[in-house]
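**Student:** Output the structure for:
(chains A, B and C)
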Amino acid sequence: MDMNEIKEIFFQECEEQLAELESGLLKMNDGDRDPETVNAVFRAVHSIKGGAGAFGLDDLVSFAHVFETTLDCVRSNKLEPNQDVLKVMLKSADVLADLSNAARDGGSVDEARSRQLIRELEALANGEMPAASEPPVAKAAPAPKASAPAPAAPAPAVPATSEDGFQPIPFSFDDFDGEERPVEPYVPTCEVLFVPKRDLYAKGNEATLLLRDLSRLGEMSIRCDMDKLPLLQDMNPEEAYFSWKISIATDKGEDGVRTVFEFAEWDCDLEVRTIEDEPEAVAGDDEQPMQPVPFDLSILDDASDVPAEDEPAVFEQPVAPAAAVEVASNVVKLAEVPKVEARAALAASPAASQAAANAAASTAAAPTIRVDLDRVDRLINLVGELVINQAMLSQSVIENDNNGVSSINMGLEELQQLTREIQDSVMAIRAQPVKPVFQRMSRIVREIADATGKSVRLITEGENTEVDKTVIDKLAEPLTHMIRNAVDHGLESPEKREAAGKNPEGTVRLTAKHRSGRIVIELADDGGGINREKVRQKAIDNDLIAADANLSDEEIDNLIFHAGFSTADKISDISGRGVGMDVVKRSIQALGGRITISSKPGQGSVFTMSLPLTLAVLDGMVVTVAGQTLVVPLTAIVETLQPEASAIHSFGASQRLISIRNSFCPLVDVGRILNFRGTQANPVEGVALLVESEGGGQRALMVDAIQGQRQVVIKSLEANYTHVPGIAAATILGDGRVALILDVDAVVAASRGQPLKQEMSLAATG
Amino acid sequence: MKKKVLTVDDSRTIRNMLLVTLNNAGFETIQAEDGIEGLEVLEHSNPDVIVTDINMPRLDGFGFIEGVRRNEKYRAIPILVLTTESDAEKKNRARQAGATGWIVKPFDPTKLIDAIERVTA
Amino acid sequence: MASRKAAQKSMSLAPVLDLNEATALRDKLMALKGSDLTIDASAVERVGTLCAQVLMAGAKTWEADKRNYTFAKASEPFVKTMQLIGVDIEHLLAKETQQ
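**Tutor:** Predicted coordinates for the structure are as follows:
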């Protein structure tokens, strides 16, 4: 694993944290005051900041830092997370997401917005804690080197003299001889008084290690004060009795000395002072003869090849590995050696460390695994092929063995059952909750609410409803447009709402649920509802309907799905964007879905989308039309019937109606519409499929014969050929032939010929 | 003998960075994702040093440190707090809980290794 | 230090003498109190301050009791750490281990 891979992990994690952040903030917005919710939100930002810092993503770090500071105020109850506060935070979450995306893909960020939010966040933080100005924004470390770490910077102090090759002679008072000392720069001496407290040891600090690190700063002499040490029977073995007085010649100064004690400073008394006198004075400095124990560094020098001529090696036996590290760190030229060795040791047994890491990982509960989507897609495709293959096998067995060996038939049935189960299971792998899409919508709502000056509350329900990932991916765009539309056109201004006796804050409710093998997504607003007069007038102006057309409320409402239809007097920058609800409708249809609207004046509108759970398979009715085999999606079919001559009524030149239980329904010859034949077939010789098309209107589709019902694997026509009007996709049937899947709504739309005007007058006669 | 480091952090990113950094520096690395798991892993790993995050779900760093310090067998293990919390209050709380030292994030590998070296023999 | 007629006892130190070992070490020493004692420190890999304190409190106690308290063998990390922290054990080392 290298740093780039970790970075990729970071961005994945970022996405998860951002989702966590947003859902937490939304919960808080709904009044959730559970500290764990606040903590989770805080952790999310905190975690993003931590990772971003490691990769030197400064913008992300700065923003996250300010955000985190404000969240910390909430966490510590210094700031009440009211709606205003949460509004800023939700916007901040959006900016954080933008910054994260920008860091990942190099996209741009609205810097003015980001700066503005930093100011707002800071104002929130400062509003409640006036004095506590935060330390300057954490500076990100430079991108860490992936390879070996550089030798530790602060601790193993290297005397300045090292650079000119001088080898420090261990400083020992016993054989101190000023005459023989090479000319070296003056190194000031620090005197240190170190009195540990009991807690120092209880917290895992260790005086021996602190003194070891101190000794690395330079030549030191040390005296241990044992006066407080009681007799064995009187002692508490975990109490601190020893204290030390140390003289050390170091160019690191008092700060360098204090740095050594950084972790321990609360748990000890520490005095550090620099002795200004020349080093000679140090030796004679001891007022009371301390019997200093010379700490002779050379005895530790086994690892070095520096000949210690003056100092005979005291210990000949090899040092323990831990000691070796310590030893060499004292030796200027070899300071890095032990680390290199340590790495070499690692290289020697990478498998061992990997095994350990794996073992550790396996102790963690692993309820999920991450799999490349490509692999799942491949599996789904293969299962699709399997389904086709199984169907072909069944068919050829039936065709070639009319006597029907029952065991083969039973086996085939079991195979079919099994194939179906495998397919369902495989599809379930790619099924995902709609939550991420719904969450994205809350941002859209915030943005448009801001832009329109409306106050909007988005309520989401059923966000754990699962649907195939391919559907989810294509859901965001139409939903975004619809949400914009709902806020921009659906909801009234706060003033108007108040005047109408409504809550000035509008509500948009987004729900998802499963219903009979499809996912139904509803978008409801509590706005003014469709202005039918306006819609009707507009439709007349645009020549969509006749001025005297008699339309039901439902029919009027559904006019908004017509191309080029926009009720806004001016196309607003927000929901207009040159596209109308017709685009939404088309994209929903492209997903094999349907969309309808119902509206109550003064109370709001509800858009209902019904979508297939997957774009990979389809339950279809296989029919024959003019010698061609077609598949009609089963979900579109209400019922099938055999028309009787008495039920068929001709109308006008080419229109025919069929009467079904006392109501009339336009008859549509699929073969004629698709140009499979030049003249209309005789309805009595065929079968009528009663389909429900957009807006709930029914049509009877005429086909020649029904072959049966079958689940088919959808093969995109666009991807393999080109878009064909009236055809949604293709599939491969059991006999290996390609069959086209009918786009019911498109066929119905095409059947209108000269569209609504005529149709509506028909409805009037019906 | 390789030193064994137990890291406790809920961030996948940081866990991976720790793993790479520590392995490169010749440590044996064991990882846990939160304080609860940290205490569980501790029982069968006997590390030489622990590096832990503060903000974690289930059991945070403070609770985890207290748990280690209460453990008769493992209370002597030095614990380094790895956190972006640079302010004195957080450090203080960690210290009171029994932390040995700390590393301020964003950690740089050198500082991390250095801090570990400082608290281990 | 002249040894009297008391029994000569010995004990070996554990490899790791840390916080956890301090109390146990004190208890072990207490159990041997009153006898001449030879301590084998040859297995010691790591000695912390708390155990160093216990060992030196032992030396002090034995001295008060006028008993012998000797490190018969000492590993290098043991001697080195004692030296590092300025605890002089020279006079406690058995002659043969001194150089």
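**Student:** use CA for all of it now, contacts and neighbours both
**Tutor:** OK.
**Student:** Quick check: residue A:687 vs chain B, distance?
**Tutor:** Distance from residue A:687 to chain B, counting by CA to the nearest CA, to the nearest Å: 60 Å.
**Student:** what's the answer for residue C:34, then?
**Tutor:** 31 Å.
**Student:** How about the residues of chain C by chain B?
**Tutor:** Within chain C, the residues that sit near chain B (CA under 8 Å from any CA of the partner chain) are C:18, C:19, C:20, C:46.
**Student:** Would you reformat those as TSV and include distance to chain A and secondary structure?
**Tutor:** TSV is the format used below for the residues of chain C next to chain B (distance: CA to the nearest CA, whole Å; DSSP: H, G, I helix; E, B strand; the rest coil):
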residue	distance to chain A	secondary structure
C:18	9	coil
C:19	7	helix
C:20	9	helix
C:46	9	strand
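**Student:** So which of those wins on neighbours?
**Tutor:** Using other CA atoms under 10 Å in any protein chain shown as the neighbour test, the residues of chain C next to chain B are led by residue C:19, with 25 neighbours.
**Student:** That one contacts residue B:76, correct?
**Tutor:** Yes: between residue C:19 and residue B:76 there is a contact at 5.7 Å, judged by CA atoms under 8 Å.
**Student:** hey, what's in contact with both of those two?
**Tutor:** Shared contacts of residue C:19 and residue B:76 (CA atoms under 8 Å, 6 or more residues apart in numbering or on different chains): residue A:202.
**Student:** coming back round to it: go through the residues of chain C next to chain B and name the one nearest residue B:109.
**Tutor:** residue C:46 (26.5 Å; CA to CA).
**Student:** show me the contacts for the closest residue to the closest one other than its chain neighbours.
**Tutor:** When the adjacent residues along the chain are set aside, residue C:46 lies closest to residue C:16, with 5.0 Å between them (CA to CA, 6 or more residues apart in numbering or on different chains). The contact partners of residue C:16, by CA under 8 Å, 6+ apart, come to C:44, C:45, C:46, C:47.
**Student:** Which ones among the residues you listed map onto strands?
**Tutor:** Taking DSSP state E as the definition of strands, the contacts of residue C:16 contribute C:46, C:47.
**Student:** from the contacts of residue C:16, which is closest to chain B?
**Tutor:** Of all the contacts of residue C:16, residue C:46 has the smallest distance to chain B: 7.4 Å, by CA to the nearest CA.
**Student:** List the residues that contact the closest one.
**Tutor:** Residue C:46 makes contact with B:121, C:15, C:16, C:17, C:18, C:77, C:78, according to CA under 8 Å, 6+ apart.
**Student:** Quick one, grab the pLDDT at it.
**Tutor:** Reported pLDDT at residue C:46 in the predicted model: 89.
**Student:** Correct me if wrong: residue B:83 contacts residue B:101.
**Tutor:** No: Residue B:83 sits out of contact with residue B:101 when judged by CA under 8 Å, with a separation of 11.1 Å.
**Student:** So what's the residue count around the residue nearest to residue A:224 when sequence neighbours are not counted?
**Tutor:** The spatially closest residue to residue A:224, leaving aside those adjacent along the chain, is residue A:244, at 4.6 Å (CA to CA, 6+ apart). Residue A:244 is flanked by 20 other residues according to other CA under 10 Å.
**Student:** Could you look up the SS state of the residue of chain B found nearest chain C?
**Tutor:** Residue of chain B nearest chain C, by CA to the nearest CA: residue B:76 (5.7 Å). Per DSSP: H, G, I helix; E, B strand; the rest coil, the local secondary structure of residue B:76 is coil.
**Student:** Contact partners for the nearest residue to it once chain neighbours are set aside?
**Tutor:** Spatial nearest neighbour of residue B:76, excluding adjacent residues (CA to CA, 6+ apart): residue A:204 at 5.3 Å. Contact analysis of residue A:204 by CA under 8 Å, 6+ apart lists B:75, B:76, B:77, B:78, B:79, B:98, B:99, B:100, B:119.
**Student:** how about 10 Å then?
**Tutor:** For residue A:204, the contacting residues are A:264, B:49, B:69, B:75-80, B:98-101, B:119-120, C:18-19, by CA atoms under 10 Å, 6 or more residues apart in numbering or on different chains.
**Student:** picking up where we left off before, could you pull up phi and psi at the residue nearest to residue A:224?
**Tutor:** Main-chain torsions, residue A:244, degrees, to the nearest 10: phi -140, psi 150.
**Student:** From chain B, how far out is it?
**Tutor:** Distance from residue A:244 to chain B, by CA to the nearest CA: 19 Å.
**Student:** wait, isn't that residue in contact with residue A:272?
**Tutor:** No: applying CA atoms under 10 Å, one finds residue A:244 not in contact with residue A:272, separated by 11.9 Å.
**Student:** if I look at the two, which residues touch both of them?
**Tutor:** A:192, A:193, A:194.
**Student:** of all the residues you listed, which comes closest to chain B?
**Tutor:** Distance to chain B across those (CA to the nearest CA) is lowest for residue A:194, with 17.0 Å.
**Student:** residues in contact with the closest one?
**Tutor:** Residues near residue A:194 by CA under 10 Å, 6+ apart: A:207, A:211, A:224-225, A:242-246, A:261, A:265, A:268-272.
**Student:** tell me which element it is part of?
**Tutor:** strand A:189-196 (DSSP states H and E).
**Student:** what does residue A:379 give?
**Tutor:** Going by DSSP H and E, residue A:379 is in helix A:373-400.
**Student:** Okay, buried residues for that helix please.
**Tutor:** The neighbour-count check on helix A:373-400 (16 or more other CA atoms under 10 Å in any protein chain shown) flags A:377, A:379-381, A:383-384, A:386-395, A:397 as buried.
**Student:** Now residue A:220. Nearest residue, chain neighbours left out?
**Tutor:** residue A:248 (4.1 Å).
**Student:** Residue in chain C with the shortest distance to chain B?
**Tutor:** residue C:19 (5.7 Å).
**Student:** separation between that residue and residue A:231?
**Tutor:** 19 Å (CA to CA, to the nearest Å).
**Student:** Appreciated, that's everything.
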